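>>> I'd like to go over a predicted model; first the sequence, then the structure.
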Amino acid sequence: MKLSRSPWLIHYDCSSCNGCDIEVLAATMPRYDVERFGIINTGDPMHADILLTTGGCNHQNAPVLKQIYEQMPNPKVVVAVGTCACTGGVFKDCYNILGGTDTVIPVDVYVTGCAARPESIIDGVVQALAILDQKYEAYTTDPKAKEGN
Amino acid sequence: MGKRSIVPFGPQHPVLPEPIHLDLVLEDEKVVDVLPEIGFIHRGLEGLVSKRDFKDYVYVAERVCGICSFMHGMGYCESVEHGMGIEIPRRADYLRTIWAEMSRVHSHLLWLGLLADGFGFEALFNECWRIREDVLDMLEATTGGRCIFSVNNVGGVVRDVDNATLLGISRKMDEIGARLKEISSTFLKDYTVKSRLVGVGILSHEAALELGAVGPMMRASGWDIDMRTTGYSAYGDLDLNINTSNDCDCYARTEVRINEIFTAIDLIKQAIDKIPNGNIIVPVKGNPKSEFLIRLEQPRGEAVYYTKGNGTKYLDRFRVRTPTFANIPAMAEIMRGCEVADIPMIILTIDPCISCTER
């Protein structure tokens, strides 16, 4: 059994400028249409396999992001979309930015670009699916992985 | 009278991709009060002026928001240019106007799509975004970016568009107008759509002024206030038709925005007809010393940009007052007394852009 057949996404905007957010949405729209592969953008963390984050984290949204991550069922993968989510980007020196998504939760795939294009977001998600399968494998065969993930 | 309960809405919620938190005070299904809480995506971008050269800061100013990014860059540049007394080439003014209006078309189409999603009309949502992709293609062909364009600079614009391409854009805009006409009849005449929009979220003529609403919110309540009439950039040369409505409800706001897309298409075509040849950028010498405040009309309403220089290459202060921030008190007002099921509609019809609001 493979988990990567029709993964559901959840998207959380940490403190992005909206550019990457609308590109994530555009990826599910007619031009790119990832929904035809069974990928659905859900609003419920407990339904989701993949977490897409955009923007750098700040003090107020870090606990929200952590909560969403913890609510997601195992195994799960995190894709940081856009330069801000990877490193903090252009806002790195701002007083309210802690840094990229990986300062709060572990990240599996980094998608760069400002704003990240829908093509590169899709590519990032495809890479994340391979990681999801690996995690699932480890999860079912190795009881220790349950605690580590 | 039922028991009062407080329901938290957000920050992670299904209406928008952006986080906003509302505490809804409910009496059964009726909303009695709304307490908005913002700050989830505050970056502290205005403080960055003390660390970035004023010419480089354009690229940060653009990232106030990824939807109306062009107008933020433009507002910052115009403010610094006026403060320094720089006169930019006329062609640059016209190019800025064309790109700004194209941004308005794509922003309104995006909003129409989200509205359709809000009342559960998925096919209409997809259709709006399909048309929007064509506008993005033109923006990408002329500026190089889909969301963030980086074509503004203090002193003008950094990319020229040849006249043949501009004529092509003018023709393509006609086609987009025709396709929009088809879907606009669904928004404005469909029985189901009207049942969700008509009479919902009424912001009265007087309340709109009292609460300081801006942009389409104001115009849908019968005020013909539009900052483009101040004639910044090339708007002074163009024939502008202000779209208003007196219905004051969600339907009126949808109607105003749909008509604004047609107006924007008309403005783009006028600008392309009148664009003069010549330079696109002038060299900038020295550093800004004075302060300047400029008001622009963004897709969401009036935005205010203030810059203050001190003679060095770092500005003292940069301040943006964005339209969504001005519209939040009006949003809280029209939510009082509505049904819980209408909340997504009401949040959407102010066309919220939380990134702008919190910067």
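That came in fine, so what should we check first?

>>> how is B:Leu109 assigned, secondary-structure-wise?
helix (DSSP: H, G, I helix; E, B strand; the rest coil).

>>> that one: neighbour count?
When neighbours are defined as other Cβ atoms under 10 Å in any protein chain shown, B:Leu109 has 26 of them. In short, each C-beta sits where N, CA and C put it, glycine included.

>>> and it, what is it in contact with?
In this structure, B:Leu109 makes contact with B:128-129, B:131-132, B:135, B:180, B:261, judged by Cβ atoms under 8 Å, 6 or more residues apart in numbering or on different chains.

>>> so B:Ile328 is in which element?
Using DSSP states H and E, B:Ile328 sits within helix B:323-335.

>>> the helix or strand just after that helix and chain A, are they touching?
Counting by DSSP H and E, the element after helix B:323-335 in chain order, helix or strand, is helix B:343-349. No: using Cβ under 8 Å from any Cβ of the partner chain, we find that helix B:343-349 stays clear of chain A, coming within 11.6 Å at best.

>>> CA-only coordinates of helix B:343-349 in CSV, if you can.
Extracted C-alpha coordinates of helix B:343-349, given in CSV (Å, rounded to 0.1, in the frame of the first residue of the first chain):
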residue,chain,number,x,y,z
ILE,B,343,-19.7,35.2,8.0
PRO,B,344,-17.5,33.8,5.2
MET,B,345,-19.4,36.0,2.7
ILE,B,346,-19.0,39.1,4.8
ILE,B,347,-15.3,38.6,5.4
LEU,B,348,-14.8,38.0,1.7
THR,B,349,-16.7,41.0,0.5
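
>>> show me what it is packed against.
Contact partners of helix B:343-349 among helices and strands, from 3 or more Cβ pairs under 8 Å, 6 or more residues apart in numbering or on different chains; DSSP states H and E: helix B:90-118, helix B:250-274, helix B:323-335.

>>> from the chain's centroid, how far away is the last one?
Its chain's average C-alpha position is 15 Å from that of helix B:323-335, according to Cα atoms, centre = their mean, to the nearest Å.

>>> and the angle from that helix to helix B:250-274?
Helix B:323-335 and helix B:250-274 meet at an angle of 160 degrees, taking axes from the mean of the first three to the mean of the last three Cα atoms, to 10 degrees as the criterion.

>>> could you do the first one as well?
Using the same axes, to 10 degrees, one finds that helix B:90-118 and helix B:250-274 are set 150 degrees apart in direction.

>>> got the residues of chain A near chain B?
So far as Cβ under 8 Å from any Cβ goes, chain A lies against chain B at A:11-26, A:29-31, A:43, A:45, A:55-56, A:58, A:60-61, A:64, A:68, A:90-91, A:93-97, A:114-115, A:117.

>>> so which of these are in helices?
A:19-26, A:64, A:68 (DSSP state H).

>>> for chain B, what's the nearest residue on chain A?
Residue nearest to chain B within chain A (Cβ to the nearest Cβ): A:Gly19, separated by 2.6 Å.

>>> distance of that residue relative to A:Met46?
A:Gly19 sits at a distance of 28 Å from A:Met46 (criterion: Cβ to Cβ, to the nearest Å).

>>> neighbour count for those two, which is higher?
Using other Cβ under 10 Å as the criterion, A:Gly19 and A:Met46 rank with A:Gly19 on top: 27 against 10.

>>> what's the closest non-adjacent residue to the residue of chain B at minimum distance from chain A?
At 2.6 Å from chain A, B:Gly66 is the closest residue in chain B, using Cβ to the nearest Cβ. Counting by Cβ to Cβ, 6 or more residues apart in numbering or on different chains, A:Gly19 is the residue found nearest to B:Gly66 once chain neighbours are left out, at 2.6 Å.

>>> for that neighbour, give me its contacts.
Here A:Gly19 is in contact with A:82, A:114-115, B:63, B:66-67, B:69, B:147-148 (Cβ under 8 Å, 6+ apart).

>>> equivalent analysis for B:Pro89, please.
B:156, B:278-282.

>>> check what pLDDT the nearest residue to it once chain neighbours are set aside gets.
Excluding the flanking residues, the one nearest B:Pro89 by Cβ to Cβ, 6+ apart is B:Asn279, at 4.2 Å. As predicted, B:Asn279 sits at a pLDDT of 87.

>>> return the distance of B:Asn279 relative to A:Thr54.
From B:Asn279 over to A:Thr54 the distance is 38 Å, taken as Cβ to Cβ.

>>> who's more crowded, these two?
Higher neighbour count among B:Asn279 and A:Thr54: A:Thr54, with 33 against 12, using other Cβ under 10 Å.

>>> partner residues bridging that one?
Here A:Thr54 sits in beta bridges with A:Asp13, A:Val81, going by DSSP bridges.

>>> so it sits against A:Asn61, correct?
No: using Cβ atoms under 8 Å, A:Thr54 is not in contact with A:Asn61, being 11.3 Å away.

>>> list residues touching both of these two?
What both A:Thr54 and A:Asn61 touch, as defined by Cβ under 8 Å, 6+ apart, is the set A:Cys14.

>>> report the contact partners of B:Gly309.
With Cβ under 8 Å, 6+ apart, B:Gly309 has these contacts: B:54, B:80, B:83-84, B:287-291, B:315-316.

>>> ok, and of those residues, which contact chain A?
Applying Cβ under 8 Å from any Cβ to those, none is adjacent to chain A.

>>> could I get these as TSV with pLDDT, neighbour count and secondary structure?
Formatted as TSV, the contacts of B:Gly309 follow (pLDDT from 0 to 100; neighbours: other Cβ atoms under 10 Å in any protein chain shown; DSSP: H, G, I helix; E, B strand; the rest coil):
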residue	pLDDT	neighbour count	secondary structure
B:Phe54	85	22	coil
B:Val80	89	28	helix
B:Gly83	85	21	helix
B:Met84	86	20	helix
B:Asn287	85	17	coil
B:Pro288	84	27	coil
B:Lys289	85	13	coil
B:Ser290	85	14	coil
B:Glu291	87	15	strand
B:Leu315	86	25	coil
B:Asp316	85	14	coil
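
>>> fine, thanks again, bye for now.
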